[in-house]
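In: Let me see the structure of the following:
(3 chains)
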Amino acid sequence: MAGFDIDRVAHLARLDLTAEERELFGSQLETIVAYVERISQLDVEGLPATLHGHSVNNIFRADVPVEGLPTEVATANAPERIEDEIRMPRVVE
Amino acid sequence: MEYEVVIGLETHVQLKTVTKMFCGCSNAFGATPNSHVCPVCLGYPGALPSMNQEAIRYTVMAGLMLGCEIANYAKFDRKNYFYPDSAKDYQITQLDYPLCLGGGVEIAALGGGRKTVRIHHIHLEEDVGKLTHRAGCSGVDFNRAGVPLMEIVSQPDMRSADEALAYLTALREMMIYAGVSECNLEEGNMRSDVNVSIRPVGQEAYGTKVEIKNMNTFSGIHAALLFEIDRQKRALEAGQVIRQETRRWDPELGETFVMRTKENADDYRYFPEPDLMPIALTPEQIATWAKDLPEAPAKRRERMVAEYGIPEYDAGVLSADRALADFFEAVARRCGNGKLASNWVMAEVLALTAKSGTALADSALTPEALGDLLKLLEAKTINGPTAKALLPELFEKGGDPAEIVKARGLGQVSDTGAIEAFVDTVLAANPKVVADFKAGKQAAIGFLVGQVMKQSKGKASPQVVQQLLRAKLAALA
Amino acid sequence: MKDFCKMTLTEAVAGLRAGTFTSVELVRALIEAMEASQSTIHAYVTIDGEGALKAAEEADRRRAAGEDLPLLGVPIAIKDNMNVVGQPCTASSHILEGYTAPYDATVIAKLRAAGAIFLGRTNMDEFALGSTTQTSYFGPTENPVARGCIPGGSSGGSAAAVGGDLALAALGSDTGGSIRQPASHCGIVGVKPTYGRVSRYGIVACASSLDQVGPMTKTVEDAALLMNVISGRDPMDATSLDEPVPDYTQAWVGADAQKPLAGMVLGIPAEYYGEGLDPEVRARIEEAKARAVALGATLKELSLPHTAYGIPTYYICMTAEISANLARFDGVRYGLRVPCDDVIEQYKRTRAEGFGAEVKRRVLLGTFVLSSGYYDAYYNRAQKVRTLIRRDFEAAFAQCDLLLAPVTPEPAWPLGVYQNDPIRNYLSDVLTVGVNLAGCCAIALPAGTTAEGKPVGVQLIGPNFGEMMLFKAAKALELPRA
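Out: Next up is the predicted model:
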């Protein structure tokens, strides 16, 4: 299968890979991609896609407030905090 | 060389729902960081979105206001990218099946006359959180994460910075009118990405476009466009090539700057959001919602001019505020004289609201009461000064003008006999003024009218007083 | 009195109701057995003995005060991917270590409202990605019946807990067979409900369009009892459906004593009985078919022609969805963070350290099938093939009431085998993924064992919201418990 660029895919997925992983996953994924490619044998011209687990439309919620989490609880799981915010390294735009 | 400017806008309009797009957290602005959050908008493990129906309804209303076609099938998609303000590291948006398609906004055109800026589509999506840059770190607040945003995408139909400004002004007015957004610019309720390019006049192909991201003031957009158009012209004239890029407007320096370009081109890997089922609105549902839709402001302006015979300027002022226009029309219908109703609403009522600091809606003045008051004036049951004197009372306390007039005996006196007696008294008491009038000082009559009105305790018909005075003075001569 | 740990859920409910024993006695006995088995079976990631005993005391007080609820004082084991407020919820991943759930999943809230107690969190494949429970960051679980073998997965901890008498009943989640396959390997009952039957809110998402929560129990009746509690529309899950919830424990009531399956047509899909089927598994399934006929059912040979495309379609759809669902594990709001001055580097290092090999493989595959230039050939095409697979099932159910098939091609294999052969592992899901792709319901129940004593399960598959029929047939086909 041409085009499986493991570095590009790993970057998109925000995954650092070790040299061994890069090699192992690279070859395994090529095998897997070659295997799943068998769906190309089927003629799917004009078929609708099944995008969901069922086909019921218009499932809505009313615009009514629901109690959320207090700030202390909402930030308690964060690895680092600064005041009431979640701390991150400085983001450069 | 002569250049033509081509501008398209992608405008995010925040909907005024009570809760967020996909969870029950408050949509209110200005709370302390991370106080309007829950597992859903924080992207916690296991949390799922559920669609706020009111956001769908508002978007459909906005679409109907702009003359869009409402899609009979719409769905949400995931746009995948990692960023600290994105709680799930994907944004729920609509890629290829948005809620509204087509439509347009009418504006004053560059060369005079009116033109329509076409709308490509309107889609619905969620906002992200807010990043605050601090010394050595950034802080993330997720209060804004999940706030419902409509993205209104125009066609590249604007040909000047002024047209872009006119489009945004009209769009804002229409969204406020439709009641779907506060469009509060200070709170970032309306943010635009601006696409601008130039091409030699007569050339069909578009020039290379530049995008100016995330602009939240109209004046900023206008200034940024003027700068950018000029920059592109000078670049072309200097033989340079315009690069397709994203730029940032610096309001302090009054210039646009290239934003950092990422080494890897974006690949958002959009796919249908499996957690949300598609939207397939029936024509009946849309028709039910359409009933709540007000007439568009521009249409209303035209109709008010035609229907009530009022000047275009008046119609413009009155229609700018939906509640004021509703009030005016109710008054006009009640009293049967649009011109009179317009004069009173524009001059007297607006002066009262300005002076008292009380909004019309919060006052005791009903359109019925004002209509009745004007009817009394039209029928000459009361005179102008009496009507003006009664208005503040109706504004503060309300009441039925007809009953007040009757109870207090404010009805105007048109009985010539009674007025004649007052006129005679006044003429006898003011020989010097009479002499002045006879000597050609026409203005003197004003004083005499005033004196007669005073004698009648304000109830005499000023027209009758004038007539009688002139007749008597002529006779004296 | 019967050994507490060997009790069925139904027996425990009856005993508590009758006052034969208390919730505290029941919970204490289970905790003891659970803790004793951790060094061998390792069914649990976390055991909350103290919290469970406190809850048991409270349940006993409520019962003494005259309260009665369907599951008052009854302990239920919970797969480690379901949020229970105040408890950890790691989905057996390093990246969620340290995370404390601030909310209850809807199924947990429903069980809680019915009086249930949560005494432990069961081991699983990391993020439910696997079919052996060996991809757990916390180490594998051993099959309590076929010792030395895998318990199956991803709900292997739940299956081992119930099969090893370390829980009365458990909840699992099934994306491509993750309830049915381990149930089959551990000799218990497992239900994959119709998509939309049970709320997914609060279950760490694997593949959103395929996941369903279901019961894993010792008997069909126990499964029906749990289904009564956890089913129904949830406003927090926009894919849950507003279908009435019948009393599933009534499914078999009134059936003919001799011929309870009279009038029922069971479809036998040829593709599920192919060459790869282990002879002993085939023998047990043939016995189940014969029993069904003896009980009054008619068998009908039919075809699910696109079965061979199930695995590739499933691995494209599932990995695409997980690549997005697992993006949120980024070290920002919870869980592991490998600090770094650069945001992008921080993401990459956190995820590199926090995710295991199988998770990385599937995230990479899912990212690839959605990426620009490949979307149409893989993701988009797979969604269309999914339509063909769904239609296969629709056509089958036009000819029969339920399908009868094996759950897995072979019985449980030894721990440690096939670890580095992902395709080999993926292929073992061939008989279960179709149900998830089509959205229909299925149950796995014991069908006997191999000569070596390894459990073999049989699978009944029903149309959407066909759970009543499923329970009726399963109850009739259920073998007496040893």
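In: how about low-confidence regions in the chain?
Out: You didn't pick a chain, so chain A it is. Low-confidence segments of chain A, defined by pLDDT under 70, are located at A:1-3, A:93.
In: Sorry, I should have been clearer: chain C.
Out: Filtered on pLDDT under 70, chain C yields the residue ranges C:1-2.
In: mind redoing it with 80?
Out: Regions of chain C meeting the criterion pLDDT under 80 cover residues C:1-2, C:419-420, C:482.
In: near chain C, which residues of the stretch 101-250 of chain B?
Out: By the criterion of CB under 8 Å from any CB of the partner chain, the positions of the stretch 101-250 of chain B lying close to chain C are B:Val140. Quick note: C-beta positions are derived from backbone N, CA and C, even for glycine.
In: if we go to 10 Å?
Out: Counting by CB under 10 Å from any CB of the partner chain, the residues of the stretch 101-250 of chain B close to chain C are B:Gly129, B:Gly136, B:Cys137, B:Ser138, B:Val140, B:Phe142.
In: which one's the longest helix in chain A?
Out: As assigned by DSSP state H, the longest helix anywhere in chain A is helix A:19-36.
In: So which elements touch that one?
Out: Applying 3 or more CB pairs under 10 Å, 6 or more residues apart in numbering or on different chains; DSSP states H and E, one finds that helix A:19-36 makes contact with helix A:6-12, helix C:310-325, helix C:357-370, helix C:422-427.
In: Other residues contacting the next helix or strand after that helix?
Out: Next in sequence after helix A:19-36, counting helices and strands by DSSP states H and E, comes strand A:60-61. Identification of contacts with strand A:60-61 by CB atoms under 10 Å, 6 or more residues apart in numbering or on different chains yields B:19, B:22-24, B:49-57, B:276-277, B:279, C:235-236, C:238.
In: what two of the residues of the stretch 101-250 of chain B next to chain C are the furthest from one another?
Out: Of all pairs drawn from those, the one with the longest distance (CB to CB) is B:Gly136 and B:Phe142, at 21.4 Å.
In: With neighbour numbers in mind, choose between those two.
Out: Looking at B:Gly136 and B:Phe142 with other CB atoms under 10 Å in any protein chain shown, you find the greater number of neighbours at B:Phe142, namely 28 against 10.
In: Enumerate every residue touching the residue lying closest to that one once chain neighbours are set aside.
Out: When the adjacent residues along the chain are set aside, B:Phe142 lies closest to B:Gly129, with 4.1 Å between them (CB to CB, 6 or more residues apart in numbering or on different chains). Taking CB under 10 Å, 6+ apart as the criterion, B:Gly129 is in contact with A:85-86, B:33-34, B:37, B:41-43, B:83-87, B:140-147, C:332-333.
In: from memory C:Asp341 sits against A:Arg90, does it?
Out: Yes. Judged on CB atoms under 10 Å, C:Asp341 makes contact with A:Arg90 at a distance of 7.9 Å.
In: Name the residues contacting each of these two.
Out: Looking at what touches both C:Asp341 and A:Arg90 (by CB under 10 Å, 6+ apart), the common residues are B:Gly136, B:Cys137.
In: ok, those two, which is more surrounded?
Out: Neighbour tally, C:Asp341 and A:Arg90, criterion other CB under 10 Å: the higher count belongs to A:Arg90, 14 against 10.
In: so what's the backbone phi/psi at C:Gln212?
Out: Taking degrees, to the nearest 10, you get phi -140, psi 150 for the backbone angles of C:Gln212.
In: got a list of what it touches?
Out: When contacts are counted by CB under 10 Å, 6+ apart, C:Gln212 touches A:53, C:172-175, C:178-179, C:191-200, C:203, C:239, C:435-436, C:439, C:441-442.
In: Ok, A:Asn57 next?
Out: Applying CB under 10 Å, 6+ apart, the residues contacting A:Asn57 are B:Tyr73, B:Ala74, B:Lys75, B:Met277, B:Pro278, B:Ile279, B:Ala280, B:Leu281.
In: any chance of the residues you listed in CSV, plus secondary structure?
Out: Converted to CSV, those look like this (DSSP: H, G, I helix; E, B strand; the rest coil):
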residue, secondary structure
B:Tyr73, coil
B:Ala74, strand
B:Lys75, coil
B:Met277, coil
B:Pro278, coil
B:Ile279, strand
B:Ala280, coil
B:Leu281, coil
